[in-house]
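Have a look at this prediction, sequence included:
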Amino acid sequence: MEIINKSVDWTTSQIAQKVALDIHDGAYVNLGIGMPELVADFIPEDREVIYHTENGLLGMGKIAEKGKEDLELVNAGKKCITAITGACYFHHADSFTMIRGGHIDICVLGALQVSEEGDLANWSTGEPETIPAVGGAMDLVAGVKTIFVITQHCTKAGEPKIVKQCSYPLTGKNVVTRIYTNLAIIDVIEKKLFVKELAPGITFDYLQSKTEAKLNVL
Amino acid sequence: MEIINKSVDWTTSQIAQKVALDIHDGAYVNLGIGMPELVADFIPEDREVIYHTENGLLGMGKIAEKGKEDLELVNAGKKCITAITGACYFHHADSFTMIRGGHIDICVLGALQVSEEGDLANWSTGEPETIPAVGGAMDLVAGVKTIFVITQHCTKAGEPKIVKQCSYPLTGKNVVTRIYTNLAIIDVIEKKLFVKELAPGITFDYLQSKTEAKLNVL
Amino acid sequence: MINKIVNSAAEAVADIHDGATVMISGFGEAGSPIELIHALIDQGAKNLIIVSNNTGSGYVGLAALIENRQVKKMICSFPKTTISVVFPELYRKGEIELELVPQGTLAERIRTGGAGIPAFYTPTSVNTPLAEGKETRVINGKTYVLEYAIKADFSLVKCKAADRYGNLIYNKTARNFGPLMCTAAKTTIVQAKKILELGEIDPECVVTPGIFVKRVVEITNPEDESKLVAENKRYLWK
Amino acid sequence: MINKIVNSAAEAVADIHDGATVMISGFGEAGSPIELIHALIDQGAKNLIIVSNNTGSGYVGLAALIENRQVKKMICSFPKTTISVVFPELYRKGEIELELVPQGTLAERIRTGGAGIPAFYTPTSVNTPLAEGKETRVINGKTYVLEYAIKADFSLVKCKAADRYGNLIYNKTARNFGPLMCTAAKTTIVQAKKILELGEIDPECVVTPGIFVKRVVEITNPEDESKLVAENKRYLWK
């Protein structure tokens, strides 16, 4: 079964595509740093999606071309980007009015751990030697209506990331809406996890064996 | 003595001029509706003073000429005005950031009553049939560093306006810096009133006779 | 495709329901969305709670909405002007409620409503009748009063120009409460003097980012409230 | 006459005292006033509390200020980048303090500091370690944490252009914390790429009204932090 699974896991691009298909036309979306950034490449062409970057731009475009970078036009990950026609700039308080005030429709974030009840840990491993850094993660999960988590189902060491209780420091409690992994799409509904879709060849039992939290069938 | 007094009271223009002379070069000033508006006419020409109007303009100019009014360029009293070169527009939250945040240097306000301790009542007589209306008065006295009151010393009925305790509803407690009337200029220092200047021919005793609050000599 | 432009004021305000809280921009007539208000009169929603700095003049715009008995309660800082007659009359008769809020507190309560901040402390109104019954707190030796955010079901806002994303710019002191009210309502409805193409508004000069706006209707030549009042006009153009 | 223009960065920062709280604009290098920071290094004030979103990169700008042991404490949301070395090293050795604040809370604490609002409630960080020890309150059934405003003695801000009144405009995402920090300090010091005549900035497009600014110095060709880092430069240009 391990062998079958290895051959049919969704690739990172496929996971990003799954997320992209769940972003509706006209949505205002904030994409976290890393894997979430891939989602933008898979939005169907007939959908107009507006990207917010918390450092003060609504209407973020593609990554800037080599040689055309403007060091004063960057995204939350500090990469040089572009702005679309119809974009606008604003200061940080206005930017977080959009976030905390519930105006952003969807935020896609990476995760260290997600709990059975939809708690998210994605900002710190809590190890004493690491430098704690939170950025806008806590504001995003507190304010954005829909939080999609995109992540590998297990850590590189094979440990489950979808757990009963997060052992890492929380970013927010009961905040995750849906989890997209290489093995499945899982909804958080009333503090329980429901499997919405399995990657080809992945069984519910196999998925549960890779998941510490209890999974349910819809 | 009544006769002498009547002949040498400061005129309204003279009071406004007294206020104007106490406004320093470079000051950011908010002028209340009515008598305070006269102050702007008497600022010495070598002083550059910037007027704030709480409905969203820093750099208010003169009243608009007849026929050149713009109904969307008004002051707090809803009169059509002009804007100086170097002015800027902003929304109400930013405008009251200037006020409540202590960024305006001086506010000149009218008064119904001022108390011995510098309390100001200027928004309501508290009579049941009047429509209560507060506008920005409470924000101004709570936030602006220096509050100048410009007023007739007594009411039209001859009642003192500078009283032991305000009988009208308060705008703010311990907020007045200095009072300019037709009879005198009076400072509020540590909750006591000190006569700073008397109009020509007005004696301290005469002033006290027209003032319910206790006056002191500097 | 995102296109927030709707064809008429009537269409824009069609879903305002009885009992809704509605914010209306404007400082006096400057910035008051008179055509949207008139459309709301035509539409007829009742028992509204209106959040607006004033209560209108004469018998047009907000005053006409009040005269038409659609308003249960006003939340405002200055409910009278030299030419306001409708509100004072109903208020004296006890037929309309008033929540009087200092102007800066009103602005901040609306801003925080839009910003996901449920409450804040302010020095304004401490030791006055407007702080009576409110919680206070001493912070660094100074007393502050606790004020709660205001949110609305709808905001009606006037601006100078808009694009199909809902990005807005305003004209001079007609800006006032507009940008704040856009953020604080579930549904923000805007009347713009002009609809521009995307990109015609300088991205550095957008005052209200489109994210806060749901519908925009172009009203090229809005009525001047003061002119109507001077001419003794009454909506519905009686 | 009002003229906020000063001749040099050195003159602009001359009165920053030991122990001062200093806000520094920027999100990474975008908007970071690197010439003002370098002038502050030359000036030598010590025991500073710095409020800034990050802690600098390489050995220039804010990182150099920290390396020069002028900073007692950092208040920020994200104290590391892929190329930040100075802060992490001192922090691990326990030689610099850190107050970690969620980015939106940091922005709002600065904004309220400038707006005369001493404290506010926010949903951000509830049930996380960053809310530990903080007062919470349930409002309409939801839990919020109480956060206090931050004010500063000085703010150092970079902008695109300024006039002699101190009106400012910014460039793209270099705006970030600048407009907020301008409001929250007793003395706001700005470096502008260009000084314009009064009236050259459209009054509708001014981002920071001059009232919030005390001094402006023109720095026509500011250094690019990332270029300096890539070249392994160290301030004082060692």
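Looks like it came in fine.

Excluding sequence neighbours, find me the nearest residue to C:P88.
Nearest non-adjacent residue to C:P88, counting by C-beta to C-beta, 6 or more residues apart in numbering or on different chains: B:I131, 4.9 Å away. Using the backbone N, CA and C atoms, a C-beta is placed for each residue, glycine as well.

can you tell me the helix or strand for A:K196?
Per DSSP states H and E, A:K196 falls inside strand A:192-198.

Ignore what I typed, I meant A:I99.
helix A:92-100.

what's the pLDDT at residue 101?
Unless you meant another one, I'm taking chain A. Per-residue pLDDT puts A:G101 at 98.

actually chain C
At C:V101, pLDDT is 98.

Can you get me a residue count around it?
25 (other C-beta atoms under 10 Å in any protein chain shown).

is it true that it touches C:C76?
Yes. Under the criterion of C-beta atoms under 8 Å, C:V101 makes contact with C:C76 at 7.0 Å.

Please see if stretch C:215-229 touches chain A.
No. Figure legend: stretch C:215-229 not in contact with chain A (C-beta under 8 Å from any C-beta of the partner chain); closest approach 12.8 Å.

got the end-to-end distance for that stretch?
28 Å (C-alpha to C-alpha, to the nearest Å).

can you list the residues of chain A near chain C?
So far as C-beta under 8 Å from any C-beta goes, chain A lies against chain C at A:25-26, A:28, A:48, A:50, A:52, A:58-59, A:83, A:85-90, A:93-94, A:96-104, A:142-143.

quick check, C:L40 in a strand?
No. Assignment of C:L40 by DSSP: H, G, I helix; E, B strand; the rest coil gives helix, placing it outside any strand.

could you list every residue that touches it?
C:V13, C:I16, C:V22, C:L65, C:Q70, C:L156 (C-beta atoms under 8 Å, 6 or more residues apart in numbering or on different chains).

contacting residues around the fourth one?
The neighbours of C:L65, taking C-beta under 8 Å, 6+ apart as the test, are C:I37, C:L40, C:I41, C:L48, C:I50, C:G56, C:V71.

can you pull the alpha-carbon coordinates of the helix or strand harbouring the fifth one into PDB?
Mapping C:I50 onto the secondary structure by DSSP H and E places it in strand C:48-51. What follows is strand C:48-51, C-alpha atoms only, in PDB (Å, rounded to 0.1, in the frame of the first residue of the first chain):
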ATOM      1  CA  LEU C  48     -34.200  51.800   9.900                       C
ATOM      2  CA  ILE C  49     -31.400  52.800  12.200                       C
ATOM      3  CA  ILE C  50     -29.500  55.500  10.400                       C
ATOM      4  CA  VAL C  51     -25.900  56.400  11.200                       C
END
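
Quick check: A:V195 touching A:T181?
No. Here A:V195 does not reach A:T181: they are 10.8 Å apart, not a contact under C-beta under 8 Å.

And the contacts of the helix holding A:I99?
Contacts for helix A:92-100 (C-beta under 8 Å, 6+ apart): A:28, A:30, A:52, A:54-56, A:58, A:103-104, A:136, A:139-140, A:142-144, C:111, C:114-117, C:183, C:209, C:211-212, D:27, D:103-104, D:106-108, D:110-111, D:122-124, D:176-177, D:180.

Apply the buried test to these and list what passes.
Burial by neighbour count, 16 or more other C-beta atoms under 10 Å in any protein chain shown: within the contacts of helix A:92-100 this picks out A:28, A:30, A:52, A:54-56, A:58, A:103-104, A:136, A:139-140, A:142-144, C:111, C:114-117, C:183, C:209, C:211-212, D:27, D:103-104, D:106-108, D:110-111, D:122-124, D:176-177, D:180.

got a list of what the residue nearest to C:T112 when sequence neighbours are not counted touches?
Distances taken as C-beta to C-beta, 6+ apart put C:A149 closest to C:T112, at 4.1 Å, once the chain neighbours are dropped. Neighbouring residues of C:A149 by C-beta under 8 Å, 6+ apart: C:R109, C:I110, C:T112, C:G113, C:I117, C:P118, C:A119, C:F120, C:A184.
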